[in-house]
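Q: what would the 3D arrangement of this be:
(3 chains)
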Amino acid sequence: MSQSKIKFSCRDVRVSYSGKEALHGIDIEIEDQGVTAFIGPSGCGKSSFLRVFNRMNDTIPGCTVSGIVKMDGEDIYSPHLDPVLLRARVGMVFQKPNPFPKSIYDNVAYGPRIHGLAANKTELDEIVESSLTKAGLWAEVKDRLKDSGTGLSGGQQQRLVIARAIAVSPEVILMDEPASALDPIATAKLEELIDELSKKFCIVIVTHSMAQAARISDRTAFFHMGNLIEYDQTSNIFTNPKDSRTQDYITGRIG
Amino acid sequence: MPTSDSIHASEFALKRLKKRHAKERRFKAFGLLAIGIAVMALFWLLSTVLGNGLNAFIQHDMTMDVELTESVLDPSGVRDPDELRKSNYRRIIQNSLYERFPDVTDRKAKRQLFDVISSSGAPNLIRQMVYNNPDLVGQTLTIRVPTSDDVDQLLKGNISRDVSEDRRKISDQQITWVDALVETGEIKSRFNTGFFTNTDSRDAELAGIGGSFIGSLMTLLVTACLAIPIGIGAAIWLDEFAPKNRFVDFIEININNLAAVPSIIFGVLGLAIFINFIGMPRSAPIVGGLVLGLRALPTVIIATRATLMAVPQSIRDGALSIGASHIQAVFHHKVPQAGPGILTGSIIAMAQALGETAPLLMIGMVNFNTEIPNGITDSATVLPVQIFMWAGNAERAWVEKTSAGIIVLLLVLLLINGFAIWLRNRLEKRW
Amino acid sequence: MSEHIVSSFDEDMKGLRTELFRMGHLVVDQVNSCVKALKSRDDQLANRVHLNDKQVDAINDDIEERVMSILALRHPYAVDLRETIAALKVARELERIGDLAKNCAMRIGVIITDDKVKGTKKINKMGKQVSANVAMAMKAYEDRDTDLALDVWFGDEAIDDYCNAVFETVLTGMMADNSNINGATQMTFFAKNLERMGDHATRIASATHYVVTAESIREKRPKSDRTSTTRYLLEDDEDDED
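A: Numbering: from 1, shown residues only, chains lettered A, B, ... in the order given. Predicted coordinates:
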């Protein structure tokens, strides 16, 4: 593993829902290059932690985040930082594909429009085309950009959502179990896409599928009951985990 | 089927199964019975209303030639429209009738003859024509005038010819004349357009829903302007922007309570605040609309919140995750998705307001109006109140009017609700 | 180690283990018999070793199949993955040891007809050491005993020394009296085979160490075997390790 820049650095991050602590002080450094996977049993806090990076937890009533989260050295929970701008820099893809019930074109064009990234229609067209191309969807939809995004298959919808996220030129893409609603072929295509995207974006992915984490990630973090148990190169985690809880989880034993 | 040695095939089990099926059949039977009773009640209601009211859409009128004698109408010959309004048009009609039946000489008989036609309707008709065109004076016109309500009822068979003369409102002599006029085709039944265009009247044959219908429209306009924007705005605020605290919870609970408050309470409120405190005019659509608007507000809020909550959170999250601000996520994505539901909810709230009577009684919209209101501050009444007022009159002709008014109201409500359902089915998104 | 949530996974792993242990015992027996047959000049026993090798090969095939099926169906990770891969490795080592034992057994017939061959005592000692090492390697694997595995690992040096000694003795004997050249040649092969069995035993020990610690034994494998460079005239004792 080449020496890579640190994208996110977290110190003692705690997340609580209505006073009940879900994450008990996480220290982690996410590298800029490659894919970082969060794994762990349901309710271990991995999704909550993912939402720390784009402050989506802010939108959940009763949710509070404490600790220090720095992105490129800048505290993203500082009162001077606008979460709206942060979310333009840190895109997110959700478990269930959630394209807007609008045309494919408008789905991708929405972000650039609200952020004023295109000066005119031609530029917007270019952004839409390049985003869809990067998301590996252009060839499939170029003749029906006016069709509704919700009419696509699940896998295509998920790639459309990725195109929508990359249209605003983020630095990071967070993915919250992006393949859990997809069939194996669509999953394979998505994984190939993630591999491709990881060359340009810092990708953090939460997944229930250990096999998926093993296939696509460079580093894997194992969460258990609100704690970060182990964080290492993926190959180490899957061949030689240091912690017995990690071992029990990834080998399918009762932990 | 389970094999014979299965525990599910034991005698006990089979008995139980039989019982369970019987229970199911019983429940289905109760359901059918309940539906049956409801359908029968509805059928009875509709058949009564239709039976009583359908005849009101037909009216008998008489075709007659009237000579607009100058010496009677405009002895001065100035043709001043204002003077012409005061002329004796009754005389003109009477003359025409006496001419038609020359053998009637007796004073009493003459009066009875005049009572065959609408005694105020016919003169007013000619008065209006002459006022609009004074040059008609001196000419002979062929006009159609409504018959009196008693004659109309007689011809519709609602007044029996078999009972003795002193027990009915129409004399044998009058019946003879009417029969003769029907024979010659001078009295004919026609579709009653007057019912839709006329305002209220002391004479049943002249009374119509035109005035109250316009009153209803004006009232609803005010209601819609008040309830829909405020209701939708409040619902969006409560759903997306309201802080989660006791105060907001309290508001939410009370919006639901407000929807269940008897509507007459809103009338009392309107009387106290809008009329007595603010000093708005009584009986006016503006006050009625405001009161109904307050009444419809919780309905609109509840309907809007329900549709907003049905929009998946993931759409909003999707917008937020690419850097849309909260208000952009709500107004670019959530509200448009909820649009059809909000629209139908609002329409249904308006339909409810259209049928509302009690609060309007409190603010004096129960009044006798012979003029179609010109604005929302004019004295007016509304459709259901008009029906309520007619229902207080005992004559057969008024019963018919009442039922006809109900039919129109029901049809309008049916149309509105049907439109709302159509809109919902057409526009609603499936997730 | 606690059990898997999917109990049939446990059964698969247990089946693989049982089969591997059975193979281990069989191969240890083969090596023992082979050494015993040479010592007691028992041609029949040697024959039996020859015949039993088919059984070893059959178990090896079975283990390969089991490993394939576990990899394909269970997607083992971490300790399960290491154990599955180690099973494949150990089975291959055992299969090679089995082959070498068979090869030795074939030579016993010739060796025992030639009673003038030198070094019998030394090769018997060496055989005892090798069969003990193989047995220890398997025991270490079965018990996940890394200390024992390390013993096996370092014990190989002694075997290499024995081997060198046997070579020297046999070669000296051959130079003195070339009438026993036939038996003596077979003897050197026998010794070489034993030495290689020892090497395979160290690989089993290494696999054991890997299963338990997920690390290979870092130290360079001890190597004192100089037979490949042993010269006729033995003028050069200072040759390099390869």
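Q: show me the domain layout of chain B.
A: B:60-190, B:210-427 (automatic domain parsing).
Q: ranking those by mean pLDDT, which is last?
A: Ranked by mean pLDDT, the domains of chain B bottom out at domain B:60-190, with a mean of 87.
Q: circling back: which one of the domains of chain B lies nearest to chain A?
A: Relative to chain A, the nearest member of the domains of chain B by Cβ to the nearest Cβ is domain B:210-427, separated by 3.4 Å. To be clear about C-beta, it is placed using only N, CA and C from the backbone, and glycine gets the same treatment.
Q: that closest one and chain A, are they touching?
A: Yes - when contact is scored as Cβ under 8 Å from any Cβ of the partner chain, part of domain B:210-427 falls within range of chain A: B:244, B:312, B:314-315, B:317-326, B:328, B:332-333, B:337.
Q: in helices only, show me the residues you listed.
A: With helices taken from DSSP state H, the overlap with these comprises B:314, B:315, B:317, B:318, B:319, B:320, B:321, B:326, B:328, B:337.
Q: what's the burial count for residue C:42?
A: For residue C:42, the count of nearby residues is 16 (other Cβ atoms under 10 Å in any protein chain shown).
Q: residues from the stretch 1-150 of chain A in reach of chain B?
A: If contact is defined as Cβ under 8 Å from any Cβ, the residues of the stretch 1-150 of chain A in contact with chain B are A:54, A:56, A:59, A:61-62, A:84-88, A:91-92, A:94, A:96, A:98-101, A:110-111, A:114-115.
Q: and these, which of them are buried?
A: Among these, those classed as buried by 16 or more other Cβ atoms under 10 Å in any protein chain shown are A:54, A:56, A:59, A:84, A:86-88, A:91-92, A:94, A:96, A:98-101, A:110-111, A:114-115.
Q: would you mind writing the CA trace of the helix or strand that residue B:62 is a member of as CSV?
A: Using DSSP states H and E, residue B:62 sits in strand B:58-67. Listed in CSV are the C-alpha atoms of strand B:58-67, where the atom choice follows Å, rounded to 0.1, in the frame of the first residue of the first chain:
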residue,chain,number,x,y,z
ILE,B,58,-90.3,20.8,-14.9
GLN,B,59,-92.6,23.8,-14.8
HIS,B,60,-95.9,24.6,-16.5
ASP,B,61,-96.1,27.9,-18.2
MET,B,62,-98.7,29.7,-20.2
THR,B,63,-98.2,31.3,-23.6
MET,B,64,-100.3,34.5,-23.9
ASP,B,65,-100.6,37.5,-26.1
VAL,B,66,-100.4,40.8,-24.2
GLU,B,67,-101.1,44.1,-25.6
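Q: next, the buried residues of the following helix or strand past that strand.
A: Read in the C-terminal direction, the helix or strand following strand B:58-67 is helix B:70-73, with elements assigned using DSSP H and E. In terms of neighbour count (16+ other Cβ under 10 Å), helix B:70-73 has its buried residues at B:72, B:73.
Q: so which residues of the stretch 151-255 of chain A form helices?
A: A:154-166, A:184-197, A:210-216, A:234-239, A:244-250 (DSSP state H, counting those that start in this stretch).
Q: okay, the ones you listed, which one's buried deepest?
A: Sort the helices of the stretch 151-255 of chain A by mean neighbour count, taking mean count of other Cβ atoms under 10 Å in any protein chain shown, and helix A:154-166 sits at the top with a mean of 26.
Q: for chain C, what's the nearest residue on chain A?
A: Among all residues of chain A, residue A:240 sits closest to chain C, at 3.3 Å; criterion: Cβ to the nearest Cβ.
Q: now do the contacts for that residue.
A: For residue A:240, the contacting residues are C:78, C:82, C:214, C:215, taking Cβ atoms under 8 Å, 6 or more residues apart in numbering or on different chains as the criterion.
Q: then residue B:205?
A: Per Cβ under 8 Å, 6+ apart, neighbours of residue B:205: B:59, B:118, B:121, B:146, B:147, B:148, B:149, B:152, B:397.
Q: beta partners of the fifth one?
A: Going by DSSP bridges, residue B:147 is paired in beta bridges with residue B:117.
Q: residues in contact with residue B:298?
A: Under the criterion of Cβ under 8 Å, 6+ apart, the contact list for residue B:298 reads B:231, B:255, B:256, B:258, B:259.
Q: would you say residue A:12 is within a strand?
A: Yes - secondary structure assignment places residue A:12 in a strand (DSSP: H, G, I helix; E, B strand; the rest coil).
Q: could you measure from the residue sitting nearest the centre point of chain C over to chain A?
A: Nearest to the mean C-alpha position of chain C, by Cα atoms, centre = their mean, lies residue C:197 at 2.8 Å. Remark: distance between residue C:197 and chain A (Cβ to the nearest Cβ, to the nearest Å) = 29 Å.
Q: for the record, mean pLDDT for the helix or strand containing that residue?
A: Using DSSP H and E, residue C:197 sits within helix C:181-213. Averaged across helix C:181-213, pLDDT comes to 91.
Q: who does that helix touch, helix- and strand-wise?
A: helix C:7-39, helix C:78-113, helix C:120-143, helix C:146-176 (3 or more Cβ pairs under 8 Å, 6 or more residues apart in numbering or on different chains; DSSP states H and E).
Q: wait, which of those is closest to chain A?
A: Taking Cβ to the nearest Cβ as the criterion, chain A comes closest to helix C:78-113 out of these, the separation being 4.9 Å.
Q: which parts of the closest one are buried?
A: Buried residues in helix C:78-113, counted by 16+ other Cβ under 10 Å: C:78-108, C:110-112.
Q: let me know the secondary structure of residue B:392.
A: Residue B:392 ends up coil, using three-state DSSP.
Q: any idea how far residue B:402 is from it?
A: In this structure, residue B:392 lies at 9 Å from residue B:402, with Cβ to Cβ, to the nearest Å as the measure.
Q: then residue B:170?
A: 21 Å.
Q: neighbour-wise, which of the two wins?
A: Set side by side, residue B:170 and residue B:402 show unequal neighbour counts under other Cβ under 10 Å, the larger going to residue B:402 at 22 against 19.
Q: tell me the centre residue of chain A?
A: Ranked by distance to the mean C-alpha position of chain A (Cα atoms, centre = their mean), the top residue is residue A:174 at 1.4 Å.
Q: pop out the phi and psi values for the closest residue to residue A:62 other than its chain neighbours.
A: The shortest distance from residue A:62 to any residue other than its chain neighbours is 3.9 Å, reached at residue A:18 (Cβ to Cβ, 6 or more residues apart in numbering or on different chains). Main-chain dihedrals, residue A:18, degrees, to the nearest 10: phi 50, psi 50.
Q: my read is that residue A:18 contacts residue B:244, right?
A: No - under the criterion of Cβ atoms under 8 Å, residue A:18 is not in contact with residue B:244, lying 9.6 Å apart.
Q: now for the two: what residues contact both?
A: Each of residue A:62 lies in contact with both residue A:18 and residue B:244 under the rule Cβ under 8 Å, 6+ apart.
Q: that older thread, between the helices and strands packed on helix C:181-213, which one is closest to residue A:9.
A: helix C:78-113 (28.0 Å; Cβ to Cβ).
Q: elements contacting the closest one?
A: So helix C:78-113, by 3+ Cβ pairs under 8 Å, 6+ apart, packs with helix A:234-239, helix A:244-250, helix C:7-39, helix C:43-74, helix C:120-143, helix C:181-213.
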